[in-house]
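J.: Following is a predicted model, sequence given first.
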Amino acid sequence: MLDKQTLVTPELALPGRSEEMVIDQTHFVNGSPIKAPLTEHQQQILFGMGCFWGAERLFWQMEGVVSTSVGYAGGYTPNPSYEEVCSGQTGHAEVVRVVFDTRHLTLQSLLHKFWERHDPTQGMRQGNDRGTQYRSVIYVYEQSQLELALQSQAEYQTLLGDTGITTEIALAGNYYYAENYHQQYLAKNPNGYCGLGGTGICFPPQS
């Protein structure tokens, strides 16, 4: 029986498929193009905070966020289905891709929101959601982002004290879009499940 609390090895991961997931090109909430190339002053980052429905809503509400989408990253299976990710046999985490305008929103602000709005100490789960796909992750696209992410982790660890952070921080690999019905799910289903919580510990107000 597969242990969903342990990451699958590349050799045992599901084979996946070459076809990309077909999704709407336009963000359901703000009308922005989801797959458009980054323009000047834009950056992207991937956050995993447990179930990606509530995490995506958290970020699309922030001023300066251009677009969001949900998908799978950090594993081995190309273009996985949701069912495959939930099986624990892909190695992927559920993540939110956040595209933001650096003129209006800093990466530090995004990172603070990430740390404060979930519990980064829980390993392969988030609340009652258990499995490797619910692990806490930050996948970055630039060395400067990596340095800021690691710095913010150290700062938040100081605030938490002895309870160790388990968040995985690494350069991003492939990002695979989740099924269309998952995209902006809580805007389409306002009474849907949102598993976001937090430790109750926040960063001091930014000056």
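T.: Thanks, I have the structure now.

J.: Now do the contacts for the nearest residue to Ile165 once chain neighbours are set aside.
T.: The shortest distance from Ile165 to any non-neighbouring residue, by CB to CB, 6 or more residues apart in numbering, is to Pro120 (4.8 Å). (C-beta placed from N, C-alpha, C; glycine too.) Each residue near Pro120 by CB atoms under 8 Å, 6 or more residues apart in numbering is listed here: Ser136, Tyr156, Ile165, Thr166, Thr167, Thr199.

J.: for the helix or strand in which the second one is found, packing partners?
T.: In other words, Tyr156. Secondary structure from DSSP states H and E places Tyr156 in helix 143-160. Counting contacts by 3 or more CB pairs under 8 Å, 6 or more residues apart in numbering; DSSP states H and E, helix 143-160 packs against helix 107-116, strand 136-140, strand 168-171.

J.: Mean neighbour count, the ones you listed: which tops it?
T.: Ranked by mean neighbour count, those are led by strand 136-140 with a mean of 24 (mean count of other CB atoms under 10 Å).

J.: Could you give me the buried positions within the helix holding Tyr156?
T.: By neighbour count on 16 or more other CB atoms under 10 Å, the buried set for helix 143-160 is Gln145, Leu146, Leu148, Ala149, Ser152, Gln153, Tyr156, Gln157.

J.: residues in contact with the second one?
T.: Leu146 makes contacts with Val140, Ile169, Ala170, Leu171, as judged by CB under 8 Å, 6+ apart.

J.: which among those residues gets closest to Ser18?
T.: Nearest to Ser18 among the contacts of Leu146: Leu171, at 23.6 Å, using CB to CB.

J.: List the residues that contact the closest one.
T.: Contacts of Leu171 (CB under 8 Å, 6+ apart): Tyr139, Val140, Tyr141, Leu146.

J.: and Tyr72, that one's in a helix?
T.: No: read with DSSP: H, G, I helix; E, B strand; the rest coil, Tyr72 is strand and lies in no helix.

J.: Isn't Gln184 up against Trp60?
T.: Yes: in this structure Gln184 lies within contact range of Trp60 using CB atoms under 8 Å: 7.1 Å.

J.: anything in contact with each of those two?
T.: His27, Val29, Thr68.

J.: picking that back up, pLDDT added to the contacts of Leu171, as a markdown table?
T.: Putting the contacts of Leu171 into a markdown table (pLDDT from 0 to 100) gives the following:
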| residue | pLDDT |
| --- | --- |
| Tyr139 | 99 |
| Val140 | 98 |
| Tyr141 | 98 |
| Leu146 | 98 |
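
J.: Looking at those residues, which is nearest Pro78?
T.: Nearest to Pro78 among those, with distances taken as CB to CB, is Tyr139, at 16.2 Å.

J.: Could you double-check that the closest one lies in contact with Gly173?
T.: Yes: judged on CB under 8 Å, Tyr139 makes contact with Gly173 at a distance of 7.3 Å.

J.: now the helices: where do they sit in this structure?
T.: 52-60, 82-86, 107-116, 143-160, 185-188 (DSSP state H).

J.: got the CA coordinates for the shortest one in CSV?
T.: In this case it means helix 185-188. Taking Å, rounded to 0.1, in the frame of the first residue of the first chain, the C-alpha atoms of helix 185-188 are listed here in CSV:
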residue,chain,number,x,y,z
TYR,A,185,-12.5,27.5,-8.1
LEU,A,186,-13.8,29.6,-5.2
ALA,A,187,-14.9,32.4,-7.5
LYS,A,188,-17.0,29.8,-9.5
